[in-house]
Each structure stands twice: as C-alpha cells, then as structure tokens.
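**Q** Would you be able to build a 3D model of this:
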Amino acid sequence: MALDLSEEGRAMMGYTSMNDSPLDLENNNNNNVKHDKRILNEKESTVQSNSKGVLAQCLVTGAVLLVATGGGIPIGYSAVLLPQLSEENSTLHVDRETGSWIAAVHSLATPIGALLSGPFLDAIGRRGCLQLSAIPLCIGWLIIGLSRNVTSILVGRVICGLSVGFMAVPAQVLVGETAYPGLRGFLVVGSFGAYCAGILLVYAFGASFNWDIVAFCAIILPIAAFIALCLVPESPAWLIRRKKIDKAKKALLWLRGGNTEQVLAEIELLDTSIKADLARKPVNTSFTKRISSAMSTIRDPGVLKPLIIINVFNALQLSSGTYIIVFYAVDMVKDIGNGNVDNYLAAVVTAIIRLIFSLVSCVLLLKMGRRALGIISALGTSLASLILVGYLIARKEESSVDVYVLAVCLLFYVGANTMGLLILPGLMVGELMPLRARGIGGGCIFFIFNLLLFFMTKFFPMINSLVGTTGIFTIFGICSFLEAIFIYLALPETKDRTLQEIEEYFQQSNFLWINRTKTKRDNTDVLTKAESNCLIPLSECK
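**A** Prediction:
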C-alpha cells in the first residue's frame, strides 16, 4: 500500500521497475497471464460443493430468478394491454400508431438501463444493484396502474424498461460469481426460464383482470425479490475487491456449506484471479486512449468475427418472430383464429409452451451441441410457420378442424423457436466473445439487439396491415430457414471446447465454420476447467 498509484499500476502490469517499457515486457506479461491461468486451474480443481452449499447457491439463484421473473412481466405486458385499450368500451382508447409506441418504447429504454448499471455494479455490488432495480420497477407499475392518459402509460413503460435493463447484467453476474462451477451454466441459463415464467404470469393475469389491475399485481414480484435478496449474501468476488475479506469469508462459508478449508482455498483463488485480471488492465488511461483501445479491440479479427456472427444471428432471430409474438401474442392469435378461439387463453397456452421448452433446452444443452440445437430450432420454426401459411391459404371456408390445426402449428412454432433461437444468443456472448472483449462486445450486442427490437416492434402493426397474417408468417418462415443456413455455415461449435480453443479458431483466416482449418485438438487440460466454467469474467464485474 506504500506504492503511489502510478508505481502500483506498473507493478500490477508486471513491470519490474519504473523504467520498464510495456513493449519490452509484453512477452513476459503474457507468460505471467498464462501462469496465472494454470494457478487458477489447479486451485479451481479443489473447489467442491456439498449438499448444503448446493442448496445455498440455489437459494441465491432463486432470489435472482424472482428478479428475472419480474423483468419478464413488462416484456409480455403489451400483449394484454393493447387489446384491452383497443376495445370500444375502453376508458382509455388508443389507435394502432399509439399502441405500437406503447409496445416498442420498453425496448428503447432497456439498453439505457443496462448502460446505467455498469458504474453501480462496482459501487454498490451485484445484490445492491438488483435491489435498486426493484424500486423503479415498482414505480413504473404504479404509474401505469394509475394512468388516465397515454402519456402516463408511456412514462411507466419507459421506467419499467430502464429497470429491466438495469437488472440484466447484475442478475447474470451474481449467479455466476456465487454458484459452484459445475452448476453455474445450468443456473445462469435458468434465467431464460424465469423470463418466460414472467411472460406466462402476465398473460394469465391479463386473461382474468383489467390492465390496471394487472399493473398493480406486477408490483408483488419486485417487492418479493427485494426481500429475498436481503436474505442472501453479496458476491464474494465483489466483497474481496472492496477489501471486505471477513464478509467474503462469511458469504463463502454459507455458499459452500460451511467447509472452512475450501473457503480459504477459494478466497485465495479469487484473490489470485482478481490480481491476474488487474494485471491485464492498464491504469490511469485517458478517456481518448480508452476509446482508441476499445476500437482497436473491436477491429481485432478474434473479436470482430464473433461480433458479426452474433449480431447476424440476432437479426435473423428477431425477423423470425421470436419476440414479436411475445409483444403481440393476443392480437396475433385473434388474427389467426378469426375470433373462433379464446385469444387470452390461447396466449396463455403459448406462454406455457415457451416456459416448458425453455426448461427443456437447459437440459438439452448439457447433451447436444449448440449448432445442432440451433439448426433444429430454426428448421422447426420455419416448418411450423410455412405449414401455418399453407393452411391459411388453402382453406376456402371455415371448418371445425381449423382451431386444432392452427393451434398445433402455433404451439409447434413457439416450442421450436424457444428451444434454440430464444436461448442461444445469451450463451453465444459468453462463449464466442473472448474474455478481453466481452464487456465492450456484450455492450455492443445488447445495444444493437434492443435497437432492432424497438424498430421491429414499432413497425410490426404497419407491416401486418400491409401483408396480413399469411405474409407475416411467410417472413417468419423464410427468416428462420435463412437462420438455419447461417448457423450451418458460420456458427462454430463451442460445446466441450475451451475459451482458448474458441479464440484460436477466430484467429484463423476463414470466416465460415465449414471452411475451418481442421487441426488436432491440443492438450488443453490446463485451461479446460477454469475457462469452460468462466461464464462471467471478473473483468465485467467491475
């Protein structure tokens, strides 16, 4: 602690004296990082979990899933709000243009909330961020519930969108930093199921209550999540970064089932990991230099290639209707069924199917490769969409079997779409983006995704009025088929591969997976366990 900031920073970078140059010591610094990875892997192998520890980690995840479920409710809320506002006897009537703004403005606010969460992650902790996110979410729902004009609803939707964006990163980070490595992937992916559960809840409430009552009911989950988070510890990694060693030990004792020897080993592991992370980061750089460094990082082929792949995947995923059918579920069911089905009940059933298949996908990911799951999902989505289109075109008059055929096609579409296209983007950021660029790369991906989602949600009603239901599902079918082709050509297989192997693949000259240079896999046991379980790098947790 006696070092001044500049000297301490140089010491962290591995310089042996104040006269050393970063260029002169680049190779030495890289060797230090590799040595640190070997140390981390050796210590990682000692981290084991008992039944009490697993239960404690599941309780933390349960509190986070309450937050995620609460975040899923505003995503699906427009599907029950807009049909009620468009009814003739509605006390607050809106036209199609205004309704599209109500649906889309949530997506416009979400990335802003995510950007705001960054500084708070290090300032108040991961748990603190999640608790803080519950406050604006409750305020947003109160404003919507008390609304007597469209402006108030829009303001409430914006606040809810900010809150959902604010909670996204802290939720993933808290689970990633508290869970046992063997459980981490399964528990992190479980957040997708929680979002689907939130969508199911809001559909169910919308089928039984008026839109303002639904808004008031939505306040319950954020309050429950806030209370639940008070009962679980803060992230040990964050506590160690803040020099709160005693609290970190206490938290780890609870999370690891009281195994003192293991806790001491993991404290040392975390301390080594944090030092290794700091050693890779320059200190006291100006804003201009940081921007220049960020642009240089993005231009690196090892970063630019996965960035392009993920963004193209997301664009095709959105064009296949993955989120459109969430935002406009009731209206789309009404168009398909021609008034012969209970629109709200059908929307609830689609939400149930989405929840079931999101949970099934968690299990399938343990057994299947990402490419196979993605291709099956995309082809299934395309097939269901085109069969639905074919039936709508072929039928000449209404029949008693219409409801059953259309229901099967729609549920098949939702299930297939959820199984791969919905969940894969979240995994791709953690697996394809290299550790050194996951922060800036993830931010770019999240921003572009929500910007595209905003435009698609905003202009969907206009496109639907021009091409009709058959045209919409034709677009969904074609884009899903193109997604399958893109996955086959470009998406690399990451199952059972280390982050080092994935990064080395992207350094090759080719862009397409089918043209990859097939080499014999090196012995990467040193890195396999530590890297394959590192879904949330410490560099993102500052």
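
**Q** and the nearest residue to Leu364 once chain neighbours are set aside, what element?
**A** Here the nearest residue to Leu364 in space, its sequence neighbours aside, is Leu373; by Cβ to Cβ, 6 or more residues apart in numbering that works out to 6.0 Å. Bear in mind the C-beta positions are built from the backbone N, C-alpha and C, glycine included. According to DSSP states H and E, Leu373 maps onto helix 370-394.

**Q** quick one: that helix to chain centroid distance?
**A** 24 Å (Cα atoms, centre = their mean, to the nearest Å).

**Q** what do you get for stretch 231-247?
**A** That offset, for stretch 231-247, works out to 24 Å (Cα atoms, centre = their mean).

**Q** got it, and stretch 169-188?
**A** 12 Å.

**Q** what mean pLDDT would you report for it?
**A** If you average the pLDDT over stretch 169-188, you get 75.

**Q** Quick one: find the helix or strand in this protein with the lowest mean pLDDT.
**A** Least confident helix or strand of the chain, by mean pLDDT, DSSP states H and E, is helix 5-12 with a mean of 33.

**Q** Would you mind listing the buried residues in stretch 93-105?
**A** Residues Val94, Thr98, Gly99, Ser100, Trp101, Ile102, Ala103, Ala104, Val105 are the ones in stretch 93-105 that count as buried (16 or more other Cβ atoms under 10 Å).

**Q** Redo those as JSON lines? Include secondary structure and distance to Ala347.
**A** What follows is the buried residues of stretch 93-105, written out as JSON lines (DSSP: H, G, I helix; E, B strand; the rest coil; distance: Cβ to Cβ, whole Å):
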{"residue": "Val94", "secondary structure": "coil", "distance to Ala347": "19"}
{"residue": "Thr98", "secondary structure": "helix", "distance to Ala347": "21"}
{"residue": "Gly99", "secondary structure": "helix", "distance to Ala347": "16"}
{"residue": "Ser100", "secondary structure": "helix", "distance to Ala347": "18"}
{"residue": "Trp101", "secondary structure": "helix", "distance to Ala347": "21"}
{"residue": "Ile102", "secondary structure": "helix", "distance to Ala347": "17"}
{"residue": "Ala103", "secondary structure": "helix", "distance to Ala347": "14"}
{"residue": "Ala104", "secondary structure": "helix", "distance to Ala347": "19"}
{"residue": "Val105", "secondary structure": "helix", "distance to Ala347": "21"}
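
**Q** For Leu364, state which of the residues you listed is nearest.
**A** Taking Cβ to Cβ as the measure, Leu364 lies nearest Ala103 of the buried residues of stretch 93-105, at 31.0 Å.

**Q** just to revisit the earlier point, shouldn't the residue nearest to Leu364 be in contact with Leu422?
**A** No: counting by Cβ atoms under 8 Å, Leu373 stays clear of Leu422, with 11.2 Å between them.

**Q** Determine the residues that are contacts of both of the two.
**A** Residues touching both Leu373 and Leu422 (Cβ atoms under 8 Å, 6 or more residues apart in numbering): Ser361.

**Q** buried residues in stretch 479-487?
**A** Using 16+ other Cβ under 10 Å as the test for burial, stretch 479-487 gives Cys479, Ser480, Phe481, Leu482, Glu483, Ala484, Phe486, Ile487.

**Q** Just put these in TSV and tack on secondary structure.
**A** Formatted as TSV, these follow (DSSP: H, G, I helix; E, B strand; the rest coil):
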residue	secondary structure
Cys479	helix
Ser480	helix
Phe481	helix
Leu482	helix
Glu483	helix
Ala484	helix
Phe486	helix
Ile487	helix
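
**Q** Let me know the closest of those to Lys305.
**A** Phe486 (13.6 Å).

**Q** Got the confidence number for that closest one?
**A** For Phe486, pLDDT reads 95.

**Q** Also Ser377?
**A** Looking at Ser377, the pLDDT reads 95.

**Q** Quick one: residues contacting it.
**A** Ala416, Asn417, Thr418, Met419, Gly420, Leu421, Leu424.

**Q** what's the host helix or strand of the second one packed up against?
**A** It refers to Asn417. Assigned by DSSP H and E, Asn417 falls within helix 402-417. Judged by 3 or more Cβ pairs under 8 Å, 6 or more residues apart in numbering; DSSP states H and E, helix 402-417 is in contact with helix 324-327, helix 329-337, helix 343-367, helix 370-394.

**Q** So Glu493, which state does it fall into?
**A** coil.

**Q** That one: neighbouring residues, count only.
**A** 14 (other Cβ atoms under 10 Å).

**Q** Against Leu432, how distant is it?
**A** In this view, Glu493 and Leu432 are 11 Å apart by Cβ to Cβ, to the nearest Å.

**Q** Ala329 too?
**A** 31 Å.

**Q** Over to Ala407?
**A** 37 Å.

**Q** and those two? which has more neighbours close in?
**A** Leu432 (26 against 17).

**Q** Surely that one touches Arg497?
**A** No: assessed by Cβ under 8 Å, Leu432 is found out of contact with Arg497, at 10.7 Å.

**Q** So Val67 sits against Ile223, correct?
**A** No: applying Cβ under 8 Å, one finds Val67 not in contact with Ile223, separated by 11.3 Å.

**Q** Mind listing the shared neighbours of the two?
**A** With Cβ under 8 Å, 6+ apart as the test, Val67 and Ile223 both reach Ala134.

**Q** what's the burial count for Ile514?
**A** 8.

**Q** Tell me which residues touch it, please.
**A** Ile514 neighbours (Cβ under 8 Å, 6+ apart): Tyr488, Leu489.

**Q** Can you classify it by secondary structure?
**A** Per three-state DSSP, Ile514 ends up helix.

**Q** okay, it: pLDDT?
**A** 75.

**Q** which SSE is Leu130 in?
**A** Using DSSP H and E, Leu130 maps to helix 126-145.

**Q** which parts of that helix are buried?
**A** Result for helix 126-145 [16+ other Cβ under 10 Å]: buried residues 126-134, 136-145.

**Q** Check stretch 397-416 too.
**A** Buried-residue list, stretch 397-416, by 16+ other Cβ under 10 Å: Asp402, Val403, Leu406, Ala407, Cys409, Leu410, Leu411, Phe412, Tyr413, Val414, Gly415, Ala416.
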